[in-house]
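Undergrad: Quick one, fold the following:
(2 chains)
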Number of protein chains: 2
Amino acid sequence: MAPCASLLLPVFVILATLPIIQSVPTFFPRPSYDQSLAKQPKASKPKIPYKTHYFPQVLDHFTFQPKSSKIFYQKYLVNSNYWHRGAPIFVYTGNEGDIEWFAANTGFLLDIAPKFRALLVFIEHRFYGESMPFGNNSYKSAETLGYLNSQQALADFALLIRSLKHNLSSEASPVVVFGGSYGGSRLKIPSQLLMLNGYGGTAVLIFLSPVKLVSFFLVFNEKVFSSLSLSVLAAWFRLKYPHIAIGALASSAPILQFDDITPWSSFYDAVSQDFKEASLNCYEVIKGSWEELEALSAQKEGLAELSRTFRACQDLHSLDSVWEWLWSAFVYTAMVNYPTDANFMMPLPAYPVQAMCKIIDGFPSGASKITRVFAAASLYYNYSRAEKCFKLEHGPDAHGLHGWDWQACTEMVMPMTCSEESMFPTSSFSYKEFAEDCMRTFGVKPRPHWITTEFGGKRIELVLKRSGGNIIFSNGMQDPWSRGGVLKNISSSIIALVTEKGAHHVDFRSATKDDPEWLKELRRQEVEIIQGWINQYYPDLKRTNKE
Amino acid sequence: MAPCASLLLPVFVILATLPIIQSVPTFFPRPSYDQSLAKQPKASKPKIPYKTHYFPQVLDHFTFQPKSSKIFYQKYLVNSNYWHRGAPIFVYTGNEGDIEWFAANTGFLLDIAPKFRALLVFIEHRFYGESMPFGNNSYKSAETLGYLNSQQALADFALLIRSLKHNLSSEASPVVVFGGSYGGSRLKIPSQLLMLNGYGGTAVLIFLSPVKLVSFFLVFNEKVFSSLSLSVLAAWFRLKYPHIAIGALASSAPILQFDDITPWSSFYDAVSQDFKEASLNCYEVIKGSWEELEALSAQKEGLAELSRTFRACQDLHSLDSVWEWLWSAFVYTAMVNYPTDANFMMPLPAYPVQAMCKIIDGFPSGASKITRVFAAASLYYNYSRAEKCFKLEHGPDAHGLHGWDWQACTEMVMPMTCSEESMFPTSSFSYKEFAEDCMRTFGVKPRPHWITTEFGGKRIELVLKRSGGNIIFSNGMQDPWSRGGVLKNISSSIIALVTEKGAHHVDFRSATKDDPEWLKELRRQEVEIIQGWINQYYPDLKRTNKE
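TA: Reported below is the predicted structural model:
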């Protein structure tokens, strides 16, 4: 992956000539995927008020073989500006990516730390960022990747937290864990394509008529999850390690997205609903665009025309990349349909779904669906107007396989389909085909029912009513992941906070002056509940110490 | 290990000539350890009303390496005489031994099954009985033994139970787990000696003056645990897998025996208290006997005299075996100080501690302490009067290393010492020496704080007050393991049932006509509480299904 220093320089933008929606930039240079993934974020890493540490972590907590006692260095960040011995410790249970990016995008913790006088700790997840158990060889094979899974990660957190408290001589400090997912900077389009290439050298997109995708989902969905599903770790940590954390705030945690707990079509139905609510016409245009695209690409010179329409930096070789490009734009925009301007995955205006639909609806009646969806997607890819052309096709990622691909092929199996109701082409999911793909790619067989065996999820209200406690599940209904979340209170201390207008862990973002009242209220409730746990904890502790 | 068919034949006994206590047999043939461990139990296996099944189990639940997806066959027993679809399933979470023996000695479940119309399932623990992941090579090295630990065992239970319910089309059946430890037939004196031999070929008993033992404990204690500590599994299972089991009855589960939660001297202090309560003189005789033994053995011909006094089948080569022989007798007798005749570890009369003390106190005043303690221990080893001589010294166990030795050297580290108050020689415990011994024996380093990191235990009231639920911890105060148990109610559904006169999971034994009222009442309470869980469960389920 070549560096691209030019990205850091200001770029003069040329406004495109699309009619009506003058504010929509469509034809500006966009960082290549490589750049946006690796170089740009690295170069533009925000300064964060945390000190970096490394913890000697046990490679394998669950076998006791001589080789599994191997140690690796797990990165974690600490802010102790507000803390004193005995005060609470707030731990962010890192997910699939560089922990610094999570820290930079979880301003909520910095906002509330002074009130609680809390120590803030962000722990990097093994096999991501710098926390590579086998250095550059960590992703080499199933032999090394085998140690990348959620149970090992939770045990890492437990061991690290306990050791940290011991070293701080503050073993009685209450720990609250926070989990949300970051994701934006880790959007894995390149590895998505790598997977396509990786699958035996043949593209696995299978077009059926009427447009049906099967394997596409096997691959594509993994990438979407890749950035966004590990917010479940905080909830699981509280459930499995209640002796280490007195409570958990799990924001947008799709802990019910496994097995058959949540209907498989719910995710894409929810994306579609966001668009339908913004505008029925918008939804219908997107829904109709796939066939239009397919028909055009089947024509002679169709791909050449698509290359021009989509401002492709290089001529397109197949329709697949256009589909993925559009698909990602719609899915991620639904997820980050925030009420304020934000730069989470991409810089975007407030309520970007509505903005996209405004673009689509704003075209004159004769405009093709293709033109409209391209303009809409450009909002996502080019709101900052930095892109001159779009790199829709890519070679293999120099990084090699990405960790989530592995996790999705082992334990994190979340089947998804598109129903007739969705704005996407209908699709089905087959465990068998999925397993075959995983076997080809990694030589490993998925365990699709393992997560619900290990962590539960089925009839969760019934189970957690008589066990567990002190968990907040917050979900914004704009976020399609909310459909796999806990949306109803389970007990007096397992609370669901649901906001109609909320998107993917909007509560974890730094407060801004433009935040709407419902968002302020959501955060206020979270702080109040956490304060309640802590107010219970200290007297409990006092009583225990007396006995 | 050679078969010993003669054991199955009736043996005519010759009464010994000990004065006064005519009923105490002391000089009858006793099966060699080999025989008592392997052949006698096998040959005399009681008929139990269970069908045997084998479940294809995953070797390693927590890594996803191609080799860890290896399958082994886990044995489990099922009794469906009283069950119908949808009714409760009672699962015994097997511990360190042949599951048939646990089934035979947990009559309580058979007694209560009709009332609940419960399916009874006894699952064998991996690496014990027939459930050997690597067949005869299972105990070969740390490479294979690495998969023997409690987390893997709990995950086995989870997977098996879920699969079983699925296969029975009874996924909504409530599951209650039961854990007690069996132990008797698995008393591992031979491997105890093997460990002594195994430790670099030199005996690790270190006699200090005043008599102090260090390494002896490292070895000896592991053997005691070997039979008796895995009853913790049921409690841990409910804590970690509340979605699989709606409740747990953990009888005599020393879940607080780890790290520094319970004073290290409490176990042997409790043994001593049992004897002191029976008779102060008895306690003092035993307490004084160790020095008397040491002094005698230091004399010329001392060992020869000891060989005669202790009716050793072969001349003794060191004092160690006499010590262990006595030590075991006192410890196990305290544990099984049952209110009725029982044949748990050995056939014994009701309240055997009191019976032992009666023997000690019954000697004429001039009798040596050595004679007295020998007579007392003979009650334990020879109540059935089948022994002509006692095999106090043994060669290595043909079985090879026993599983618990491995578990004690990895995660199940329970430090124990003997205080000045105990009737045993004072002793200390050193993590360092313990770790060195384990490294020498298995090439593995213990993780002494791992269990409390993984399962908790410290400030347990504080933790389980706000999480967890539906656990009964039953303990009998005669049982020295009770000191590491939960002895106070933690919440309205985490209940401690404590009986002053109870011994090691006496509640799990079949009801007999001689059971005292307090024991009947204990079982009645257990049944009532379990009934309460089930009475809550079905309406909860109905509500959930309706939603």
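Undergrad: residues in contact with whichever residue of the stretch 401-547 of chain A sits closest to chain B?
TA: The nearest approach of the stretch 401-547 of chain A to chain B comes at A:Gly456, 2.9 Å away (C-beta to the nearest C-beta). For the C-beta atoms, the positions are set from N, CA and C on the backbone; glycine is no exception. Contacts for A:Gly456 (C-beta atoms under 8 Å, 6 or more residues apart in numbering or on different chains) come out as A:239, A:463, B:241-244.
Undergrad: Please produce JSON lines containing those residues, extended by neighbour count, secondary structure and distance to B:Asp60.
TA: Formatted as JSON lines, those follow (neighbours: other C-beta atoms under 10 Å in any protein chain shown; DSSP: H, G, I helix; E, B strand; the rest coil; distance: C-beta to C-beta, whole Å):
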{"residue": "A:Leu239", "neighbour count": "26", "secondary structure": "helix", "distance to B:Asp60": "22"}
{"residue": "A:Val463", "neighbour count": "22", "secondary structure": "helix", "distance to B:Asp60": "26"}
{"residue": "B:Tyr241", "neighbour count": "25", "secondary structure": "coil", "distance to B:Asp60": "18"}
{"residue": "B:Pro242", "neighbour count": "23", "secondary structure": "coil", "distance to B:Asp60": "23"}
{"residue": "B:His243", "neighbour count": "24", "secondary structure": "coil", "distance to B:Asp60": "22"}
{"residue": "B:Ile244", "neighbour count": "23", "secondary structure": "coil", "distance to B:Asp60": "19"}
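Undergrad: Which single one of those is nearest to B:Lys300?
TA: Taking C-beta to C-beta as the measure, B:Lys300 sits nearest to B:Tyr241 out of the contacts of A:Gly456, at 61.4 Å.
Undergrad: so that closest one sits right up against B:Ala158, yeah?
TA: Yes - proximity of B:Tyr241 to B:Ala158 meets the contact threshold set by C-beta atoms under 8 Å, at 5.1 Å.
Undergrad: now A:His125: how far from chain B?
TA: A:His125 sits 16 Å away from chain B, going by C-beta to the nearest C-beta, to the nearest Å.
Undergrad: For that residue, grab the count of nearby residues.
TA: 26 (other C-beta atoms under 10 Å in any protein chain shown).
Undergrad: what sits against the closest residue to it other than its chain neighbours?
TA: With C-beta to C-beta, 6 or more residues apart in numbering or on different chains as the criterion, A:His125 has its nearest non-adjacent residue at 4.4 Å, and that residue is A:Gly94. Contact analysis of A:Gly94 by C-beta under 8 Å, 6+ apart lists A:102, A:122-125, A:128-129.
Undergrad: Okay, and which of these map to strands?
TA: Among those, the members found in strands (DSSP state E) are A:122-123.
Undergrad: and which of the contacts of A:Gly94 is nearest B:Gln478?
TA: A:Ile123 (45.8 Å).
Undergrad: For A:Ile261, grab the count of nearby residues.
TA: Residues lying near A:Ile261 (other C-beta under 10 Å) number 16.
Undergrad: try the one 10 residues further on
TA: Here the neighbour count serves as a burial measure; for A:Val271 (other C-beta under 10 Å) it reads 29.
Undergrad: Wait, it touches A:Ser482, no?
TA: No - under the criterion of C-beta under 8 Å, A:Val271 lies out of contact with A:Ser482, with a separation of 11.1 Å.
Undergrad: backbone phi and psi for the closest residue to A:Phe72 other than its chain neighbours, please?
TA: Nearest residue to A:Phe72, sequence neighbours excluded (C-beta to C-beta, 6+ apart): A:Pro133, at 3.9 Å. Note on A:Pro133: backbone dihedrals following degrees, to the nearest 10 are phi -60, psi -30.
Undergrad: go on, the one 4 residues further on?
TA: In terms of degrees, to the nearest 10, the main-chain angles of A:Asn137 are phi -90, psi 10.
Undergrad: Report how many residues lie close to it.
TA: 11.
Undergrad: cool, the one 10 residues further on as well?
TA: Counted with other C-beta under 10 Å, residues neighbouring A:Tyr147 total 24.
Undergrad: Contacts only, for it.
TA: With C-beta under 8 Å, 6+ apart, A:Tyr147 has these contacts: A:59-60, A:126-127, A:133, B:63.
Undergrad: Where is pLDDT lowest across these?
TA: Lowest model confidence among the contacts of A:Tyr147 falls on B:Thr63, which carries 91.
Undergrad: List the single closest residue to it in space, sequence neighbours excluded.
TA: Per C-beta to C-beta, 6+ apart, closest to B:Thr63 is A:Gly146, 4.0 Å.
Undergrad: Check the one you found and give its pLDDT.
TA: 94.
Undergrad: and what of A:Phe217?
TA: 45.
Undergrad: swap in the one 3 residues further on?
TA: The predicted local confidence for A:Phe220 comes out at a pLDDT of 48.
Undergrad: residues in the stretch 201-350 of chain A within reach of chain B, list them.
TA: A:238-244, A:246 (C-beta under 8 Å from any C-beta of the partner chain).
Undergrad: and the gap between the residue of the stretch 401-547 of chain A closest to chain B and A:Lys240?
TA: A:Gly456 is 10 Å from A:Lys240, where distance means C-beta to C-beta, to the nearest Å.
Undergrad: So the residue nearest to A:Phe72 sits against A:Phe127, correct?
TA: Yes - with contact defined as C-beta under 8 Å, A:Pro133 counts as touching A:Phe127 (6.8 Å).
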